[in-house]
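Visitor: sharing a sequence plus its predicted fold:
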Amino acid sequence: MIRIQGDDPLPPELHGGVAALGNFDGFHGGHQAVVGMAQARARAKTGPSIVITFDPHPVRLFKPDAPPMTLTTIPQRLDLFERFGLDATVVLSFDRNMARLSPKDFIRDVLVERLRLKGIVTGEDFTFGARAAGTTDDLKRAGAVYEFDADAVAAVNGAAGHRISSTRIRAALAKGDMVTAARMLTRPFTIRGEVEHGAKLGRTLGTPTANLRLHQYARPLYGVYAVRGHLPDGKIVDGVANLGIRPMIEPPAELLESWFFDWSGDLYGKTIDVELIAWLREERKLDGLDALKAQIKRDAEAARAALDQGARRR
């Protein structure tokens, strides 16, 4: 998959493509329906299939103090697009200049003159341009002028009949409902980060942890989780993790600390993915290291059981 960042030029082989247009944070089941239609339209036109997304999310520009809300970082999102089978992704820089473009200017300057699209697919509630004034109807009217097709995909409902949305996924994460979040995402919620040095308490207890900062990720419910790690060498390892402020350690620091079973090695400075499979219990301060060691053993047993149950469900 070709990856185009910011104002980088579009290679000629991508001209005449059909693009799915949206933020696509999380790339959940609803987003996949939009991108899937773009792929189908591209095949019908024998042109390239493209995804257009934005970085940062508009909320980060207009409300920089808003709570963290990211479900997938841009690198994660690009990897997901590639696995979905897209020919290219264009990541547009959402800055003040982009935000000031009128809907007509965005269509003409970006979609037509720069990207030379022959088809555009969005969700039915997609808006764009200054003050989010542009709608899917504007895209359809512009398509008649600039000779591109414009399609809008209806919202997708999940197993419980509720609309799949990034907002609902964040709400599920905040309750520790990883099963519901995974159903909407079509995969476990995953935190990617560079492993940092920590307090080394886990190493002292014989349970060394890989520590990740949460940065702009939406915050799942603090607590202990059954997790699955994806390591740089391709290995997939089961484990148990504490996500929160580590009440047994001073000073408090928000981290995801994962202990991977039956594995040893040096991950410091390396980037890993940690899937949060199941919430097991709340964080709590225990009465000393012996109590902590015993609790970690119980948590590990609970994590193994949860991971085994999840594997059987699949």
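Guide: Ah, there it is.
Visitor: every contact and neighbour count from this point should use C-alpha atoms.
Guide: Fine.
Visitor: would you map the strands across the protein?
Guide: Secondary structure of the chain by DSSP state E: the strands cover 2-5, 18-21, 49-55, 88-93, 119-123, 149-153, 189-194, 210-212, 223-230, 236-244, 255-260, 271-281.
Visitor: pLDDT (mean, whole number) over the fifth one?
Guide: Translated: strand 119-123. What strand 119-123 shows for mean pLDDT is 98.
Visitor: minimum distance to residue 303: which of the strands of the chain has it?
Guide: Closest approach to residue 303 among the strands of the chain is made by strand 223-230 (4.4 Å; CA to CA).
Visitor: now the closest one, how far from the centre of its chain.
Guide: From the chain centre to the centre of strand 223-230 is a distance of 17 Å (CA atoms, centre = their mean, to the nearest Å).
Visitor: got the angle for it vs strand 236-244?
Guide: With axes from the mean of the first three to the mean of the last three CA atoms, to 10 degrees applied, the angle from strand 223-230 to strand 236-244 works out at 150 degrees.
Visitor: so which other helices or strands are in contact with strand 223-230?
Guide: For strand 223-230, the elements it packs on are strand 236-244, strand 255-260, strand 271-281, helix 289-313, judged by 3 or more CA pairs under 8 Å, 6 or more residues apart in numbering; DSSP states H and E.
Visitor: for residue 173, find the nearest of the ones you listed.
Guide: Short answer: strand 271-281, nearest of the helices and strands packed on strand 223-230 by CA to CA, at 9.6 Å.
Visitor: point out where the stretch 51-200 of the chain drops to low pLDDT.
Guide: Residue ranges of the stretch 51-200 of the chain with pLDDT under 70: 199-200.
Visitor: ok, how many other residues are close to residue 297?
Guide: Neighbourhood size, residue 297 [other CA atoms under 10 Å]: 13.
Visitor: now for the helices and strands packed on strand 223-230, which one comes closest to residue 129?
Guide: strand 271-281 (34.3 Å).
Visitor: so what secondary structure elements neighbour that closest one?
Guide: Secondary elements touching strand 271-281 (3+ CA pairs under 8 Å, 6+ apart): helix 178-185, strand 189-194, strand 223-230, helix 289-313.
Visitor: most tightly surrounded among those?
Guide: Highest mean neighbour count among the helices and strands packed on strand 271-281 (mean count of other CA atoms under 10 Å): strand 223-230, with a mean of 24.
Visitor: CA atoms of that one as PDB?
Guide: Only the C-alpha atoms of strand 223-230 are listed here, as PDB (Å, rounded to 0.1, in the frame of the first residue of the first chain):
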ATOM      1  CA  GLY A 223      -7.600  -2.100  36.500                       C
ATOM      2  CA  VAL A 224      -6.000  -5.500  35.800                       C
ATOM      3  CA  TYR A 225      -6.500  -7.000  32.300                       C
ATOM      4  CA  ALA A 226      -5.800 -10.200  30.500                       C
ATOM      5  CA  VAL A 227      -3.700  -9.200  27.500                       C
ATOM      6  CA  ARG A 228      -2.000 -10.500  24.400                       C
ATOM      7  CA  GLY A 229       1.200  -8.900  23.200                       C
ATOM      8  CA  HIS A 230       2.500  -8.700  19.700                       C
END
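Visitor: residues contacting the closest residue to residue 216 other than its chain neighbours?
Guide: In space, and not counting its chain neighbours, residue 216 is closest to residue 68: 4.6 Å by CA to CA, 6 or more residues apart in numbering. Counting by CA atoms under 8 Å, 6 or more residues apart in numbering, residue 68 touches 215, 216, 217, 218, 219.
Visitor: on the strand side of things, show who the third one bridges to.
Guide: On the basis of DSSP bridges, residue 217 is bridged to residue 70.
Visitor: how near is it to residue 41?
Guide: Shown here: residue 217 relative to residue 41, a distance of 33 Å by CA to CA, to the nearest Å.
Visitor: which one's more surrounded, those two?
Guide: Higher neighbour count among residue 217 and residue 41: residue 41, with 23 against 18, using other CA under 10 Å.
Visitor: tell me the confidence at the more buried one?
Guide: 96.
Visitor: name the nearest residue to the spatially most central residue of the chain, sequence neighbours excluded.
Guide: Nearest residue to the geometric centre of the chain (CA atoms, centre = their mean): residue 72, 1.8 Å. Leaving aside its sequence neighbours, residue 72 sits nearest to residue 26 (CA to CA, 6+ apart; 5.1 Å).
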